[in-house]
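Trainee: Structure, please.
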Amino acid sequence: MPGELHFSARDAASLQDRATSEWHREVEPDPPADPFLSTVLAQHRANFDLWHTEDRARAPQAKDADIVEVKRAIDRYNQLRNDLAERCDALLFESLSTHDLPNPAAELNSESPGLIIDRLSILALKIFHTQEEIDRPNAPAGHADRNRQRLALLEEQRNDLVLCLDRLWKQTLAGTRRFKIYRQLKMYNDPTLNPAIYAAKP
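Mentor: As a prediction, this is how the structure comes out:
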């Protein structure tokens, strides 16, 4: 990716869909040759692991000790998820910088590509699990129909986001729009910033 300006939000979304399906079958997808798409895949894996870890905490039979363990895992996956979204933006900036882009005088977009990719990742997971509910055997009456309505809305939202991300990239290349890397600056994992951690030290 660095030095090149090719980018397709549709390719990223397709990769997320394919990986979601394969991971649920405990199959590892072939790693993309492109470093940017490899980062998109790693970011999606962090969301995949986060999603299923959170489900463990919601299980009615979960014990207190399990919930504590899960909460710590959630924090780790959340940090990784955000770090990799920022890494997506950094790689895009690296490719743009060789062409003197983004244009500093262009209108600023409120959301970076990495943050949109994160939203696409969550939508890929929602779409997969909603389809599972449509296909669920012995589901209550009306369950499949309700989830078909949900699926149509989720797919519409995902298509809208793909179009918005592709448009943002084209406008960035044209010099009419720009984005920044928005650092999440999470505090909860930093022992120097979270009083629950540093105040507990002797």
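Trainee: roughly how far is the lengthiest helix in the chain from the heart of the chain?
Mentor: Counting residues, the longest helix found in the chain (DSSP state H) is helix 64-97. Relative to its parent chain, helix 64-97 has a centroid offset of 9 Å by CA atoms, centre = their mean, to the nearest Å.
Trainee: in that helix, what counts as buried?
Mentor: 70, 73-74, 77-82, 84-89, 91-93, 95-96 (16 or more other CB atoms under 10 Å). In short, each C-beta sits where N, CA and C put it, glycine included.
Trainee: next helix or strand past that helix?
Mentor: Next helix or strand after helix 64-97 toward the C-terminus (DSSP states H and E): strand 107-108.
Trainee: how much does the helix or strand that that following strand is followed by deviate in direction from helix 64-97?
Mentor: Counting by DSSP H and E, the next helix or strand C-terminal to strand 107-108 is helix 113-134. Angular relation of helix 113-134 and helix 64-97 on a 0 to 180 degree scale: 130 degrees, by axes from the mean of the first three to the mean of the last three CA atoms, to 10 degrees.
Trainee: Quick test: name the residue nearest the centre of this structure.
Mentor: Taking CA atoms, centre = their mean, the centroid of the chain lies closest to Asp118, which sits 2.4 Å from it.
Trainee: Pull the contacting residues for that residue.
Mentor: Gln43, Asn47, Arg81, Asn82, Ala85 (CB atoms under 8 Å, 6 or more residues apart in numbering).
Trainee: ok, now with 6 Å
Mentor: Residues counted as contacts of Asp118 (CB atoms under 6 Å, 6 or more residues apart in numbering) are Ala85.
Trainee: roughly how far apart are it and Pro140?
Mentor: Separation of Asp118 from Pro140 (CB to CB, to the nearest Å): 33 Å.
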